[in-house]
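Colleague: Give me coordinates for this.
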Amino acid sequence: QLLQHAFVTENPNPPYKSYLMDSAASLATYSNTHSQIQSAFRKHLLASGYLDMYLFDDKGTMLYSVAKEIDFGQSFADGKPLANTLLAATYKKAMALDKPDDFVFSDFAAYAPLGSAPVAFFAKPVLASDGHKMGVLAFSISAEPLSGTISARNGLGQTGDTLVVGADGLARSNSPMTPD
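Modeller: Predicted coordinates:
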């Protein structure tokens, strides 16, 4: 709750610009480390096209987020309000992995903390030098960059089209050939 209050509720930046805040006076110890890494991670996030990068502890609490949305600082553990979200399921799958190079991908679905926008997640466990799991590192992506790449019409003629379709039969990209 303290992280949520300091970096989201008391954030002086407009909504969806919370990532611009590098430190919070009310959390000096956390802010000292945070201010050292936030700028670099923010640059990476903006350059890569990811929506956010998250770091969870081994109990399911989100300890770090570049974007600082309303899920920041919250617990994704069973029984908590965010326990049934796609990000919570991704966290749990990543915590179940045993190999350090393995990762999980969770296909696009509505994610309430981001206004129910379709978001996909991928994650992997964070391991200590002795091999025990310390938590999870996760990333979120939106369908927009995917749609832009797939919608390129070069070489498709007047009627050619390309779509990405998930195993559930739902489109994961938009088509310029289909009206809104």
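
Colleague: and the closest residue to L27 other than its chain neighbours, what does it touch?
Modeller: The shortest distance from L27 to any non-neighbouring residue, by Cβ to Cβ, 6 or more residues apart in numbering, is to A6 (4.9 Å). In short, each C-beta sits where N, CA and C put it, glycine included. Residues counted as contacts of A6 (Cβ atoms under 8 Å, 6 or more residues apart in numbering) are 24, 26-27, 30-31.

Colleague: What pLDDT does the model give A6?
Modeller: At A6, the model reports a pLDDT of 93.

Colleague: a helix runs through it, doesn't it?
Modeller: Yes: membership of A6 in a helix is supported by DSSP: H, G, I helix; E, B strand; the rest coil.

Colleague: so what's the closest residue to P81 other than its chain neighbours up against?
Modeller: Of all residues not flanking P81 in the chain, Q74 sits nearest, at 7.4 Å (Cβ to Cβ, 6+ apart). Going by Cβ under 8 Å, 6+ apart, Q74 touches 4, 61-62, 80-82.

Colleague: Out of those residues, list just those in helices.
Modeller: Among the contacts of Q74, the ones falling in helices (DSSP state H) are Q4.

Colleague: any idea which of the contacts of Q74 has the most stuff around it?
Modeller: M62 (26 neighbours; other Cβ atoms under 10 Å).

Colleague: just checking, L20 touches F7?
Modeller: No: counting by Cβ atoms under 8 Å, L20 sits too far from F7 to count as a contact (10.8 Å).

Colleague: Can you show me the strands along the protein?
Modeller: Here the chain has its strands, by DSSP state E, at 52-57, 62-65, 104-111, 117-127, 133-142.
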